[in-house]
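What would the 3D arrangement of this be:
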Amino acid sequence: MLKEVIRRKLPPWVYSHGKRWLRRLSNQRPLPPLSEEMLRNIITTDLGVKPDQMVFVHSSIDQLSPDFSFMKLLPLLRSILGEDSTLLFPSTQLTERPERWFAKKEVFDVNHYPTSMGLLPEMARRLPGALRSLHPTHSVTAIGPNADEIIATHHEDVYPCGSMSPYGKLAQKGGVILGLGVNTEIMTQLHSAEDALKNEFPVDIYRSELYVGRVSDEFGKERAISTYIPHPRIRWRRPRQFLEKHVDHSVCKVISVKGRSFYCVDATKLHNRICNLAKQGITMYFRGVHRRCILENTFSKWAEELEKR
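Sure, this is the predicted structure:
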C-alpha cells in the first residue's frame, strides 16, 4: 500500500527512475553477463518455444542486462523465433490511471505516441512495417505475417482483452506468451478469460460506464473508440501465487537463469484453465472483491481512495 501512495505522489518519470535506482542498489552483485547464445538456448531449449508461431513478448531489458547492444535484441529475437512468426508487444501509452487520461480529452496518435511499456516494445513500434492497434488503453504492436489480422478489430471490442482483441485471438489461435527478464506478475493475457466470461466472472472487473477516447489511426484519421476501463479494485490480486498454485508447469513454465526470470505460457491452455477455475469461484483476486462478498464494497472504496491520493 505504501508503494501505491508513493507512486501517486511522485511524477511518473521520477517514480520509474527511482525504482531502477533502488533495484540496482539492492543487488549487491551485478548480474553475470547474458550472451546472445545463452538467450537463444533459454528460449529454444529451456523454455521450449518453437519457431514460426504467434508470440506475445513481455520484457525488461534492465533485468536482462545483456552483454551485447540492446539494438541487437529485437533482430535476435526474430531470428530465434523465425521470420514466419508473428510477434506482439504491449504498447499502451498510458502512464496514469485511464480515467485521468480520458478526462484530458487527448488524442492518442498511434503513429507518434511512444509506448510506456519499455525499450523492446518501443523498438518494435518503430520498426518499418509494424502495426499498432487503435485501442486507447491496451494498444498492442504486431510485426510479422499475421500482424494485420491480429490487431485489426481491437478497437471494435469494448472489452480491452476481449475476443476481438489481440489477447483474445492469441488464446484462440494457440499462441505463446514469452517473458524475458520479468516474472508472471507481468502478463496481460490473464485478463482475456475475464473478458470472455464477462458478467459470469466472479469479480466485477470494470467500471460500469463506457469511456470514449479519441484515437488517430495510421492514416491520420481521428476516431472515437469506446471501451470499459478497469476498476481500481483489481489492484487486490496475486497473479504469481495464483499461477503457481492452480496452473500446471506444462502450461506455465517459469525458470530462473543467473538471477533473471523467464517464462513461457500456452495462451490457449491458460485461457481455458482460468475460465474453468473462475466458474468454480477461484480467481487471482482477493476474496474480498468477489461479487456478493460482504467486504466487496469496503475493498472497492479503499481502492478508490488510494487512486485519489
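
tell me the domain ranges of this protein?
Under the assignment automatic domain parsing, the domains of the chain span 1-30, 34-308.

Would you mind measuring the gap between the ends of the longest one?
Taking Cα to Cα, to the nearest Å as the measure, domain 34-308 stretches 41 Å from start to finish.

from the chain's centre, how far out does it sit?
2 Å (Cα atoms, centre = their mean, to the nearest Å).

Show the average pLDDT along it.
Average pLDDT, domain 34-308: 93.

go on, the first one?
Computed over domain 1-30, the mean pLDDT rounds to 61.

picking up where we left off before, and among the domains of the chain, the most buried is which?
Ranked by mean neighbour count, the domains of the chain are led by domain 34-308 with a mean of 18 (mean count of other Cβ atoms under 10 Å). Bear in mind the C-beta positions are built from the backbone N, C-alpha and C, glycine included.

so who does the most centrally placed residue in the chain touch?
A centroid search over the chain (Cα atoms, centre = their mean) returns Thr188, at 3.4 Å, as the residue closest to the centre. Thr188 is in contact with His58, Pro90, His138, Cys161, Tyr167, counting by Cβ atoms under 8 Å, 6 or more residues apart in numbering.

Return the set of residues that bridge with the nearest residue to Gly144 once chain neighbours are set aside.
Residue nearest to Gly144 in three dimensions, not counting chain neighbours: Thr86, with 3.4 Å by Cβ to Cβ, 6 or more residues apart in numbering. Beta-bridge partners of Thr86, counted by DSSP bridges, are Met54.

Surely Asp46 is in contact with Lys258?
No - Asp46 lies out of contact with Lys258 (Cβ atoms under 8 Å); the separation is 11.7 Å.

coming back round to it: touching, the residue nearest to Gly144 and Val55? I think so.
Yes - assessed by Cβ under 8 Å, Thr86 is found in contact with Val55 at 7.4 Å.

Need the distance between the two termini of stretch 47-67.
Stretch 47-67 end-to-end distance (Cα to Cα) = 21 Å.

repeat for stretch 248-266
11 Å.

Can you name the residues that contact the residue nearest to Gly144?
Gln53, Met54, Val55, Ala142, Ile143, Gly144, Pro145, Asn146, Ala147, Ile150.

OK, contacts around the spatially closest residue to the fifth one that is not a sequence neighbour?
The spatially closest residue to Ile143, leaving aside those adjacent along the chain, is Ala130, at 4.8 Å (Cβ to Cβ, 6+ apart). Taking Cβ under 8 Å, 6+ apart as the definition of contact, the neighbours of Ala130 are Ala124, Thr141, Ala142, Ile143, Ala147.
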